[in-house]
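Participant: build me a structure from this.
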Amino acid sequence: MRAVLQRVSRAKVSSGGRTLGEIGRGLIVLLGVGRDDTEADAEFICDRTLGMRIFADAEGKMNLALGQVKGELLVVSQFTLHADTSAGRRPSFLAAAPAELARPLYEHFVSLARVRGVKVETGEFGAMMDVELVNDGPVTIILDSRNR
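Facilitator: Coordinates of the predicted model:
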């Protein structure tokens, strides 16, 4: 499982002109599920996401996690994070999980974050979406559950 985290002052995802999810200060999580991913991968990525100390403390150092700043999550499914660009100019997405495998793991990630008390907004799984965000920093972190 792969995730791109961006620290934001605000973010919004919409589709067809309607807002699906919107947050203030927090993290946008672009979440890509791979063919071989399991619930353990979702748990690892969720734990890392919620524990990542990338918010400023009183001295301005990145030392606080999402919950410590009462931050929110906006989780957006993104199968293209598993693109293979090693051959030619057209990416292959064979490593990405098909929707029937990816959706339950995406939903598991979201439910894990909610159980831990985080306000979570989402996009619409599998839909074409417009994502708007103000990256705070900018701070962008890449997580991969294979890099444990």
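Participant: list the buried ones in the helix or strand hosting Ser14?
Facilitator: Counting by DSSP states H and E, the element that carries Ser14 is strand 2-15. When burial is assessed from 16 or more other C-beta atoms under 10 Å, strand 2-15 yields the following buried residues: 2-8, 10-14. The C-beta positions use only the backbone N, C-alpha and C, and glycine is treated the same way.
Participant: quick one: which of those is nearest Asp36?
Facilitator: Arg2 (12.2 Å; C-beta to C-beta).
Participant: shouldn't that closest one be in contact with Ile142?
Facilitator: Yes - using C-beta atoms under 8 Å, Arg2 is in contact with Ile142, at 7.3 Å.
Participant: flag the shaky bits of the chain, pLDDT-wise.
Facilitator: Within the chain, not a single segment meets pLDDT under 70.
Participant: tell me the first helix or strand C-terminal of the strand holding Ser14.
Facilitator: As assigned by DSSP H and E, the chain's next helix or strand after strand 2-15 is strand 18-23.
Participant: what angle do strand 2-15 and that next one make with each other?
Facilitator: Calculated by axes from the mean of the first three to the mean of the last three C-alpha atoms, to 10 degrees, strand 18-23 forms an angle of 130 degrees with strand 2-15.
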